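Novice: Okay, sequence plus prediction incoming.
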Amino acid sequence: MGILDGKAAVVTGGGRGIGRGHCIHLAAQGASVIVNDIDPDEAGKVVQEISDAGGKAQANNDDIGSREGAAALVQQCADAFGGIHALVNNAGNVKDRTFLKMTDDEFDSVLRVHVKGTFMCSQEAALRMKEQGTGGSIVNTVSAAHFGNFGQTNYAGSKGAIASMTYTWALELARAGIRVNAISPAGTTRMSATAKIGGKVVDLPFIDPTLNGPFVAFLCSDEASYVTGQIFGTGAERITMLEQPKYGTQMLKPGGWQVEDILEHFPKNLGKQLENFGLMKTPYPFYDGVPPKPKA
């Protein structure tokens with residue numbers, strides 16, 4: 001017996017790494033799982049692993065970045081398992097390049113998979129969940145890269161968009177009993193092997209990518225019926241909540257602000273509280289200005 005007995009779930013990008021962990025843990029808790037991956041051999045391996053453990057799963061290699069692929073993926077789940085109760089949007093890609101050198105194709109390729117894929121799969125799944133009248137759970141995937149990360153305009157921008165979509169869908173879909181959350185997972189994968197911080201590839205310690213799966217299984221279950229509109233950091237030893245976007249310290253002036261007022265008050269008030277940005281939260285480094293560097 002598991003917390004997902006009788007549920008049917010779809011995991012995109014489920015053939016390797018973090019996505020495989022999601023599939024394994026969802027199935028271990030009783031869910032029937034559609035394992036989507038562009039590599040049919042890897043998806044098939046996960047299906048076999050689940051079957052060998054006594055679970056139910058089918059492979060799928062539809063293109064989740066297309067409307068036809070997203071619709072076919074959800075339809076396969078409904079045909080095979082009688083409906084869909086959970087969708088985990090895990091599929092992703094990276095094409096890192098600094099902003100001034102990034103091509104249109106590199107930008108579009110990443111947004112197509114992350115943003116459009118998440119949008120279309122979620123829309124197809126939510127429409128089916130609403131029609132079923134069963135409610136359900138959508139779990140999106142973001143990344144700390146959306147705080148800002150050197151060389152990842154396309155990836156960081158995509159993850160920021162997914163975070164905002166998560167909050168919006170949680171508001172809109174609550175009336176249909178559909179919960180929408182997201183995780184920012186940790187794990188050693190082929191993608192993490194290319195991770196850069198400050199523009200340099202970093203040698204990170206090994207983190208078992210499957211350790212995100214238990215929390216995803218929880219979010220997909222009725223045990224988390226009260227959890228929606230949240231983003232969690234998962235994996236390794238942590239489960240942490242990301243703070244909701246919010247306005248911080250403010251300056252108020254009756255009648256509104258004029259330029260001369262701003263010049264007088266900003267430097268000694270908000271100007272002393274500027275926050276650093278990006279993955280590495282060192283003290284704010286730009287108080288001496290941001291001058292252009294001389295050309296080499």
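Specialist: Looks like it came in fine.
Novice: helices and strands around the longest strand anywhere in the chain, which ones?
Specialist: Under DSSP state E, the strand in the chain containing the largest number of residues is strand 178-185. Applying 3 or more Cβ pairs under 8 Å, 6 or more residues apart in numbering; DSSP states H and E, one finds that strand 178-185 contacts helix 117-132, strand 136-141, helix 153-173, helix 213-220, strand 231-235. The C-beta positions use only the backbone N, C-alpha and C, and glycine is treated the same way.
Novice: let's see it at 10 Å
Specialist: Counting contacts by 3 or more Cβ pairs under 10 Å, 6 or more residues apart in numbering; DSSP states H and E, the secondary-structure elements packed against strand 178-185 are helix 17-28, strand 86-88, helix 117-132, strand 136-141, helix 153-173, helix 213-220, strand 231-235.
Novice: Out of the ones you listed, flag the one nearest Leu73.
Specialist: The stretch from those with the least distance to Leu73 (Cβ to Cβ) is helix 117-132; that distance is 6.5 Å.
Novice: buried stuff in the closest one?
Specialist: Neighbour-count burial for helix 117-132, with 16 or more other Cβ atoms under 10 Å as criterion, is recorded at 117-126, 128-130, 132.
Novice: Just the closest of those residues to Glu49, please.
Specialist: Comparing the buried residues of helix 117-132 against Glu49 with Cβ to Cβ picks out Cys121 as the nearest, at 22.9 Å.
Novice: Identify the residue spatially nearest to the closest one, adjacent ones excluded.
Specialist: Distances taken as Cβ to Cβ, 6 or more residues apart in numbering place Ala70 nearest to Cys121, at 4.6 Å, with adjacent residues excluded.
Novice: Out of the helices and strands packed on strand 178-185, which gets nearest to Pro205?
Specialist: Closest to Pro205 of these is strand 231-235 (Cβ to Cβ; 12.2 Å).
Novice: Just want the angle from the closest one to helix 153-173.
Specialist: Put simply, strand 231-235 runs at 120 degrees to helix 153-173, going by axes from the mean of the first three to the mean of the last three Cα atoms, to 10 degrees.
Novice: Going by neighbour count, which residues of strand 231-235 are buried?
Specialist: For strand 231-235, using 16+ other Cβ under 10 Å, the buried residues are Ile231, Phe232, Gly233, Thr234, Gly235.
Novice: quick one on the thing from earlier: format the buried residues of helix 117-132 as TSV; extra columns: pLDDT.
Specialist: Compiled in TSV, these are given as follows (pLDDT from 0 to 100):
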residue	pLDDT
Gly117	98
Thr118	98
Phe119	98
Met120	98
Cys121	98
Ser122	98
Gln123	98
Glu124	98
Ala125	98
Ala126	98
Arg128	98
Met129	97
Lys130	97
Gln132	97
